[in-house]
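# Mind looking at a prediction? Sequence and model below.
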Amino acid sequence: MTDWAGRCSGARYSRPGCRASPAGCRASRCRLMTSGDRMTGLGDAFAHYGRIFKTLHLLQFIDSEAYRRMIGVQLNIGEGCHALGRRIFFGRLGELRHGYRDGMEDQLGALGMALNSVVWWNSLYMDAAVKELEAGGVTVSKYIRSRLSPLMHEHINFHGRFPIVRSHGDGSLRALRDPNAAEQ
């Protein structure tokens, strides 16, 4: 049986009373789709529409090289985001091994905040690096820019404690490392 409650959650509210109680509105919509454990005519029509859409998607995936590349790029972005999240959440190998506990959403919220912070930080410094390269006379093409990802994390040390120092307020970043300089 299809979980219509999960699928209906993003739909717009159609009744005046739905603004006050979105959960009640979703439940009433889901009752229109199912009767007990059987699909109604409307629910069956939506299921058939979903199958048609899935078939069109598969045919386009088989037929179009550009569509396959677009899907691959989207998958790579998602996988990169999950890899960074696992790397940040290194305790217990990046897995939640227990059932729900009080405060778990705080832990996951902190993980999301840390992941967003890393992406933001990488974006700032990647932009600064591209600007510095262009100031030095190197042209960075749009193709190369489209391949840059702020999800890279090999340069980040995730172990230990790090002081959070308030910036000086002038908006400046630390100087970028010179790749030709000797390692210290």
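Arrived safely, thanks for sending. Numbers count the residues shown, from 1 in each chain.
# And the strands in the chain?
With DSSP state E as the criterion, the chain has strands at 34-35, 38-39.
# neighbours of Leu58, just the number please.
As a burial measure, Leu58 scores 10 neighbours (other C-beta atoms under 10 Å). Bear in mind the C-beta positions are built from the backbone N, C-alpha and C, glycine included.
# right, I mislabeled it, should have said Val118
20.
# Can you lay out the strands of the chain as a markdown table showing mean pLDDT, distance to His82 and mean neighbour count?
Shown next, in a markdown table, are these (pLDDT from 0 to 100; distance: least, C-beta to C-beta, whole Å; neighbours: other C-beta atoms under 10 Å):
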| stretch | mean pLDDT | distance to His82 | mean neighbour count |
| --- | --- | --- | --- |
| strand 34-35 | 76 | 33 | 14 |
| strand 38-39 | 82 | 34 | 13 |
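# how close does the nearest residue to Met126 once chain neighbours are set aside sit to Val165?
Closest residue to Met126 apart from its sequence neighbours, by C-beta to C-beta, 6 or more residues apart in numbering: Leu148 at 5.6 Å. Note on Leu148: its distance to Val165, by C-beta to C-beta, to the nearest Å, is 27 Å.
# okay, these two: which has more neighbours?
Applying other C-beta under 10 Å to Leu148 and Val165 shows that Leu148 carries more neighbours, namely 15 against 6.
# if we can go back for a sec, dump the strands of the chain to JSON lines, plus distance to Leu124.
Formatted as JSON lines, the strands of the chain follow (distance: least, C-beta to C-beta, whole Å):
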{"stretch": "strand 34-35", "distance to Leu124": "49"}
{"stretch": "strand 38-39", "distance to Leu124": "51"}
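# which strands and helices sit next to the longest helix anywhere in the chain?
Longest helix in the chain by number of residues (criterion: DSSP state H): helix 104-135. For helix 104-135, the elements it packs on are helix 65-88, judged by 3 or more C-beta pairs under 8 Å, 6 or more residues apart in numbering; DSSP states H and E.
# Check which residues of the helix it packs on are buried.
Residues of helix 65-88 classed as buried by neighbour count (16 or more other C-beta atoms under 10 Å): Gly80, Leu84, Gly85, Ile88.
# From what I see, the last one and Gly112 are in contact.
When you say that, I think you mean Ile88. No: using C-beta atoms under 8 Å, Ile88 makes no contact with Gly112, being 9.7 Å away.
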